[in-house]
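Novice: Structure, please.
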Amino acid sequence: MNDIKLHTIESAPEKSKPLLEDSVKGFGMLPNLHAAMAESPQLLEGYKVLHTLFGETSFNAEELTVVWQTINVEHGCHYCVPAHTGIAHMMKVNPELTEALRNQEAMPTEKLQVLHDTTLLVVRNRGVLSEQEVQTFYAAGYTSENLLNIVLGLAQKVMSNYTNHLAETPVDDAFAQFAWEKKA
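Specialist: Model prediction:
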């Protein structure tokens with residue numbers, strides 16, 4: 001059991017209040033992840049900044065989803081997998097791709113498979129890739145900027161995935177239909 005509180009705007013530390021108000025404006029609700037992160041205004045602000053920056057990379061909606069969900073599934077995040085499933089639906093990502101990611105199945109294209117595999121390698125090997133692994137990534141049509149942006153996405157997901165593990169963050173009602181558990 002932990003003592004990480006799910007804050008409301010009223011109960012949050014002063015520096016978190018405007019960040020939470022922003023979340024409500026953007027999502028039409030206060031995501032439980034943001035409510036948990038509010039205990040540390042710096043964490044919440046950092047997460048929101050990284051989320052915005054990762055969304056501004058050259059990755060398209062499918063590629064963003066592949067990076068996010070690959071990391072979420074690898075980390076076994078009970079909260080982020082359903083949340084990003086819902087977000088992927090909002091971004092009009094093919095549900096077959098989302099289900100493949102959730103179920104650790106093959107990607108629908110070779111390029112997305114390489115992105116998935118490379119993201120897993122970055123996570124599992126803490127950024128240490130062989131020359132061949134990097135060349136395979138580039139041969140699929142990705143760039144060194146894309147490789148570094150996987151690191152940006154990973155930084156964002158470490159913040160959310162680890163917070164959700166520590167806070168045992170309940171899945172928001174909006175994403176409950178996408179509940180998920182990691183396969184053994």
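
Novice: Go ahead and name everything in contact with stretch 161-173.
Specialist: By C-beta atoms under 8 Å, 6 or more residues apart in numbering, the residues outside stretch 161-173 that reach it are 2, 4, 6, 29, 31-33, 36-37, 43, 47, 71-72, 75, 77-80, 82-83, 179. The way it works is simple: take the backbone N, C-alpha and C, and place the C-beta from them, glycine included.

Novice: Below-threshold pLDDT in this protein: ranges please.
Specialist: Under the criterion pLDDT under 70, the flagged ranges of the chain are 1.

Novice: one more time with 80, if that's ok
Specialist: Applying pLDDT under 80 to the chain flags the ranges 1-2, 184.

Novice: which residue is nearest the middle of it?
Specialist: Nearest residue to the geometric centre of the chain (C-alpha atoms, centre = their mean): Trp68, 4.0 Å.

Novice: show me what contacts that one?
Specialist: Each residue near Trp68 by C-beta under 8 Å, 6+ apart is listed here: Cys80, His84, Ile87, Gly153, Lys157.

Novice: redo that, cut-off 10 Å
Specialist: Trp68 is in contact with 51, 54, 59, 77, 80-81, 83-84, 87-88, 101, 119, 153-154, 156-157, 160, counting by C-beta atoms under 10 Å, 6 or more residues apart in numbering.

Novice: do the same with Ala35
Specialist: With contact taken as C-beta under 10 Å, 6+ apart, Ala35 is in contact with 4-9, 11-12, 16, 20, 23, 44, 167, 169-170, 172.

Novice: Now do the SS call for it.
Specialist: With DSSP: H, G, I helix; E, B strand; the rest coil as the basis, Ala35 sits in helix.

Novice: Against Asp173, how distant is Gly28?
Specialist: Separation of Gly28 from Asp173 (C-beta to C-beta, to the nearest Å): 12 Å.

Novice: now swap in Val123 and tell me
Specialist: Using C-beta to C-beta, we find Val123 at a distance of 29 Å from Asp173.

Novice: And the longest helix belonging to the chain, what's buried?
Specialist: If you go by DSSP state H, the chain has its longest helix at helix 144-167. Neighbour counts over helix 144-167 (16 or more other C-beta atoms under 10 Å) mark 146-147, 149-150, 152-154, 156-157, 159-161, 163-164, 167 as buried.
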